[in-house]
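S.K.: Next input, structure requested:
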Amino acid sequence: MRLEQLEVFVATARCGSISAAARKLGISRPAASAAVKSLEQELDVALLLKGNQGVHLTPAGQLVLEKAAGALALIDEMRNYGRADIKNSVSICSTPLLSLYLTRNIFLPFKERHPHFDIVISNTYLTDVVRQLETRASCMAVTLTSLGLNIVESAKKLGCEIIPLYTDERKLFMGARHPLAAREYLTAEDLSRLNIALYSTDQEQVSRQYLPYFAGSYRVSNRSDMLDLVVRNEAVFIHPAIQCRHDLRVIKGDVVEKRLRLDSIKHEVPVVAIRLPELTVAERLFWQYLIVNFAKKL
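M.R.: The predicted model follows:
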């Protein structure tokens, strides 16, 4: 069975005559007729019945048409994958530390395979993730889903697909030379003697629930200032641990992570990928790569 046979058969069924199908495909009528006849011989069943008004599908022909049309559509889609490199873009939003991981482990390897892709990442507050999708500013997102922000529920209302990626755990990060750095975990009593570093923006959600446990707090505008305080042992901060492990100062060992024993707070942090219901071929290609490869270097 050849692809040309299926193309001629589907065109004939849709056009209603072999002559019209031949004109549409740019081939001769005898060639089109021979293609349909050879397909019927291979399948050992009549697919078309000739009449005064053209051709009509037999019951078997109707079944074969559905399968053949689906196969041709799939082949056409796969052909588009090869053309997707030419002039396509992908927009994705994520929180800053997740963006750092995505850039190193997803974007750059993907870009090597598809150098003509234009990939745009937006560093986004958790409270703005759904808005990014709703306004089509981003076609997909990688985000935390905790803190009562109803991100998953809101995304479902948009018809989005949601894929769980992994579950992180919030931990406390402190300077490697801090007096408590040798502890396996920290308790509420330990926290009562420490200062916590928070982002100054009102959008900051992660550490606020821990704030009552600490002696005081520092407000900073960016992660670099926060880590400066931590390295100097002036403050600590709390963040999903796996994400922070990809920060340079954590990699170098200047900052260490500690588990928390606070029964009143759940430290688990589900992380998901969310995509809009309708994606371009390029966006689907990137989405599939993201889902398959995201967790490989956690």
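S.K.: ok, which stretches of the stretch 1-150 of the chain are helices?
M.R.: 3-15, 18-25, 29-43, 59-83, 96-102, 108-113, 129-134 (DSSP state H, counting those that start in this stretch).
S.K.: whoops, the stretch 151-298 of the chain was the one
M.R.: 151-157, 188-191, 223-231, 241-244, 248-252, 281-293.
S.K.: Among those, which comes closest to residue 95?
M.R.: helix 241-244 (7.9 Å; Cβ to Cβ). (Glycine included, C-beta is placed from N, CA and C.)
S.K.: how is the protein carved up into domains?
M.R.: The chain breaks down into these domains under automatic domain parsing: 3-83, 89-165+275-297, 167-269.
S.K.: Return the distance of the shortest one from the chain's centre.
M.R.: By that I understand domain 3-83. Distance, stretch centre to chain centre, for domain 3-83: 37 Å (Cα atoms, centre = their mean, to the nearest Å).
S.K.: Report the rounded mean pLDDT for that domain.
M.R.: For domain 3-83, the mean per-residue pLDDT is 85.
S.K.: likewise the second one?
M.R.: In this model, domain 89-165+275-297 has an average pLDDT of 90.
S.K.: and it, how far out from the chain's middle?
M.R.: 4 Å.
S.K.: thinking again about what came up before, export the domains of the chain to TSV and tack on mean neighbour count?
M.R.: As requested, the domains of the chain are exported to TSV (neighbours: other Cβ atoms under 10 Å):
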stretch	mean neighbour count
domain 3-83	15
domain 89-165+275-297	17
domain 167-269	16
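S.K.: show me the contacts for residue 135.
M.R.: Residues in contact with residue 135 (Cβ atoms under 8 Å, 6 or more residues apart in numbering): none are found.
S.K.: what separates it from residue 290, distance-wise?
M.R.: For residue 135, the distance to residue 290 (Cβ to Cβ, to the nearest Å) stands at 21 Å.
S.K.: same question, residue 255
M.R.: With Cβ to Cβ as the criterion, residue 255 and residue 290 are 28 Å apart.
S.K.: what does residue 180 give?
M.R.: The value you get for residue 180 to residue 290, if Cβ to Cβ is used, is 38 Å.
S.K.: Need phi/psi at residue 58.
M.R.: Phi and psi for residue 58, reported as degrees, to the nearest 10, are phi -80, psi 170.
S.K.: Can you tell me, leaving aside adjacent residues, what's nearest to it?
M.R.: residue 46 (5.2 Å; Cβ to Cβ, 6 or more residues apart in numbering).
S.K.: The longest strand along the chain pairs with which strands?
M.R.: For the chain, the strand that runs over the most residues, judged by DSSP state E, is strand 161-175. Strands flanking strand 161-175 in the sheet, each with its direction: strand 237-240 (antiparallel), strand 255-261 (antiparallel), strand 268-275 (antiparallel) (DSSP bridges).
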